[in-house]
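Student: Fold the following.
(2 chains)
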Amino acid sequence: MTKRIFEIAFEVVTFLLMFAAIYAIFIYAPIEKTMGIVQKIFYLHVPAAFLAFSAFFITFLASIVYLYKKDQKWDVIAYCSAEVGVLFCTIVLITGPIWAKPVWNVWWTWDPRLTTTLILWFIYLAYLMLRGVVRENQRANLSAVFGIIGFANVPITFFAIRLWRTIHPVIITSEGINISKPMKYTLLLTFCAFFLFFLSLLKNRIKLERLKINTENVKAVYEEIFSS
Amino acid sequence: MIFIRKLWAIVWKDLLSELRTKEMILSMCLFSFLVLIIFSFALGTEVMDLKTIVPGILWVVFIFSGLMGLGRAFGAERDKGTLSGLLLCPLSPWGIYLAKVVGTFIFTAIMEIFTLSIFIILFNLNLLPVLLPIGLIIFLGTLGFSAIGTLFSAMSAATKSRDTILSILVFPITVPMLIAAVKATETILAGKAVAEVYPSLKILIAFDLIYLLIAYLTFTFIIEE
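Tutor: The predicted structure is shown next:
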């Protein structure tokens, strides 16, 4: 019972924080001088990017633990985290160009960070697709191995692209945005709100996946009884 | 020494069965030839600066044609039902993996030598003075490609839609290898000093070592049922 109350309280706090974050973004935070109103997308873009990378890192860790312990629990965590990660990564890849077009005057540049994020998005989409087509008895093993390979790819891709871009000059050299205090507070608030939102998504997704597995098990037992 | 002899036995088995049918190597070479022709048509006759696009075309052809050979490494074993026999060999899973990497590497290398010779004729390129550095780059790139390709071949052999999932898995992971290899080839073809390709070579070597290490640690899990 207390667990249930705690869960509801968690969701309510997340909800309220998200509201506060929206208020802070649109009302409290000042409009940036050079970039104008479009800069406000920054409060969405940065936390989403951070959480996407964290989610993939969770998948990576959970995959390692799964291969070590062979407990299905970790496979479920890796899977759900990858799914939530792809969601946040998609948000990053959509908000990025919207912000980039008015500021850098291009939708996309092959900056190492942008490209690494895009490749990571492809890799974890492949991870989700792999889970869909692989035979059931090997699903957890194969996806765990791919979860590890996918994350190990991040640093290599990053360095490789740094090498590559030297011949393709990019528009942006540094992201030197001077942040005023209200902006900093807004960012901090959206970070907290997004973090809680991420946790609640992940938690509920894991819960759903467990229910699904339980249902499958019950169904299997049911069929066994009735077939015999 | 015994390990190498056992490993060679598996490689030899693959080579022999390929030599009997010549099915895969012929289709790989023909495919790469066709892609080269398509590229020539697509680019037209008046290309401004050939040297800047040549490395890209070359590696795209390598990867596309290489992909055809990858699926066979474990796919054929599963189709014929010989995978369990292979696993019964008195060799660790890592050894089996390594043997398959060597096999894939040999097939891909044959295709690449063929492609390169066609390439020289079609694009009027003189590779002789830079043969050694180019060879090293292709060696490292192909090693990395075979390393991850063989791993994913074993993975995709356990799925329903084999070839589609193989390309979806392979392409994003090969990106760093592709970038480094194209960059290095470009530098060499531009006639720059060999020392300038060291950063690219470092990435290629790191790529090869990291994926061979990951395969060493995880290959057991891929083939266990």
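
Student: Chain A contacts on chain B?
Tutor: B:148, B:151, B:155, B:158-161, B:165, B:168-169, B:171-173, B:175-177, B:179-180, B:182-183, B:199-200, B:203, B:206-207, B:210-211, B:214, B:218, B:221-222, B:224-225 (Cβ under 8 Å from any Cβ of the partner chain). To be clear about C-beta, it is placed using only N, CA and C from the backbone, and glycine gets the same treatment.

Student: any idea how far residue B:204 lies from residue B:198?
Tutor: Distance of residue B:204 to residue B:198, given as Cβ to Cβ, to the nearest Å: 11 Å.

Student: And the two? Which one has more around it.
Tutor: residue B:204 (27 against 12; other Cβ atoms under 10 Å in any protein chain shown).

Student: tally of neighbours for the residue nearest to residue B:137 when sequence neighbours are not counted?
Tutor: Nearest residue to residue B:137, sequence neighbours excluded (Cβ to Cβ, 6 or more residues apart in numbering or on different chains): residue B:184, at 4.7 Å. For residue B:184, the count of nearby residues is 28 (other Cβ under 10 Å).

Student: now residue B:219
Tutor: 22.

Student: Next: residue B:170.
Tutor: 22.

Student: Name the residues of the lowest-mean-pLDDT helix or strand in chain B that are buried.
Tutor: Ranked by mean pLDDT, DSSP states H and E, the weakest helix or strand in chain B is helix B:83-87, scoring a mean of 81. Under the neighbour-count criterion of 16 or more other Cβ atoms under 10 Å in any protein chain shown, helix B:83-87 has B:83, B:86 buried.

Student: Return the residues in contact with residue A:82.
Tutor: Residues near residue A:82 by Cβ atoms under 8 Å, 6 or more residues apart in numbering or on different chains: A:55-56, A:59, A:124, A:127-128, A:147.

Student: Am I right that it is in a strand?
Tutor: No: assessed with DSSP: H, G, I helix; E, B strand; the rest coil, residue A:82 is helix; it does not lie in a strand.

Student: For the spatially closest residue to it that is not a sequence neighbour, what are phi and psi?
Tutor: Among residues not flanking residue A:82 along the chain, residue A:59 sits closest, at 4.4 Å (Cβ to Cβ, 6+ apart). Backbone torsions of residue A:59, given as degrees, to the nearest 10, read phi -60, psi -50.

Student: With residue A:134 instead?
Tutor: Residue torsions, per degrees, to the nearest 10, at residue A:134 are phi -80, psi 150.

Student: and what of residue A:135?
Tutor: Backbone geometry at residue A:135, expressed as degrees, to the nearest 10, gives phi -60, psi 140.

Student: Now it. Nearest residue, chain neighbours left out?
Tutor: residue B:158 (5.2 Å).

Student: ok, now which ones touch that neighbour?
Tutor: If you count contacts by Cβ under 8 Å, 6+ apart, then residue B:158 has A:134-135, A:138, A:142, B:78, B:222 around it.

Student: related to what we said a few turns ago, narrow the contacts of residue A:82 to those in strands?
Tutor: Among the contacts of residue A:82, no residue falls in strands (DSSP state E).

Student: Dump those into JSON lines; add neighbour count and pLDDT as well.
Tutor: Converted to JSON lines, the contacts of residue A:82 look like this (neighbours: other Cβ atoms under 10 Å in any protein chain shown; pLDDT from 0 to 100):
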{"residue": "A:55", "neighbour count": "24", "pLDDT": "94"}
{"residue": "A:56", "neighbour count": "26", "pLDDT": "93"}
{"residue": "A:59", "neighbour count": "29", "pLDDT": "94"}
{"residue": "A:124", "neighbour count": "25", "pLDDT": "94"}
{"residue": "A:127", "neighbour count": "26", "pLDDT": "94"}
{"residue": "A:128", "neighbour count": "14", "pLDDT": "93"}
{"residue": "A:147", "neighbour count": "29", "pLDDT": "92"}
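
Student: Many thanks, we can stop here.
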